[in-house]
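*Asks:* Need coordinates for the below:
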Amino acid sequence: MNGDRHDVLFAGSHPLPSDYRAYRHWVHARLVQILRQNPGCRFLEIGVGPTFRQERFRVIDELGIHYVGLDFEHICAERRADLVRAGISDRNIRFLGNESETYLFNLIKSARNWKTFDIIYLDGSHSIYVDLAAAIAAVRLLKPGALFLFDDVRFCFGRTSDPDHR
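*Replies:* The predicted structure follows:
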């Protein structure tokens, strides 16, 4: 990692995107671009989410990417049904659902089974209480030279009335 490189996401003065919908579109387009550059890779998505990203799953299917998605079981069931409706083969697509509010159980289970991934994308609950533990557990699943991508990592513990101390 390059310690000289400044990451604006962790600068307190970095403003939130003014057009959040456009920002989310850019994030997903960039993720698809990264997946296209890594055909056949092993990809773990922590936090599949309520929106079916059809283009992403078409790319995953077309490029033979081995995908594992983690989320609540009801979200995973919805994504499985979405794949069927979209006619996307799921031969390399797996969803691991959880009943509790944490991804830890499936992450620890994957580590115990010696699962490793080329790309891990954490788009979790956007709560440090859930996502920090998931990030720590997921590090064990990274292959050497793998990418660990984070989405919306801006956590807020509280606010101060002093605008100079955000």
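
*Asks:* quick one: Arg42 and Ala86, what's the gap?
*Replies:* 22 Å (Cβ to Cβ, to the nearest Å). C-beta here means a position set from N, CA and C on the backbone, and glycine is covered the same way.

*Asks:* more crowded one of those two?
*Replies:* Just comparing Arg42 and Ala86: by other Cβ atoms under 10 Å the higher neighbour count belongs to Arg42, 19 against 12.

*Asks:* For the more buried one, give me its contacts.
*Replies:* Applying Cβ atoms under 8 Å, 6 or more residues apart in numbering to Arg42 gives the contacts 65-66, 68, 115-119, 143.

*Asks:* Try it again at 6 Å.
*Replies:* Counting by Cβ atoms under 6 Å, 6 or more residues apart in numbering, Arg42 makes contact with 66, 117-118.

*Asks:* Look up how far Ala22 lies from it.
*Replies:* 30 Å.

*Asks:* just Asp61 next, same as before
*Replies:* Applying Cβ to Cβ, the value for Asp61 to Ala22 is 27 Å.

*Asks:* ditto for Ala29
*Replies:* Distance from Ala29 to Ala22, by Cβ to Cβ: 10 Å.

*Asks:* if you count what's nearby, which of Asp61 and Ala22 comes out ahead?
*Replies:* Neighbours of Asp61 and Ala22, each counted by other Cβ under 10 Å, are more numerous for Asp61; the result is 19 against 10.

*Asks:* next one: the longest strand along the chain to chain centre, how far?
*Replies:* In the chain, with assignment by DSSP state E, the single longest strand is strand 142-150. Here the centre of strand 142-150 is set off from its chain's centre by 12 Å, with Cα atoms, centre = their mean, to the nearest Å.

*Asks:* Likewise for stretch 68-86?
*Replies:* So, by Cα atoms, centre = their mean, the centroid of stretch 68-86 is 15 Å from its chain's centroid.
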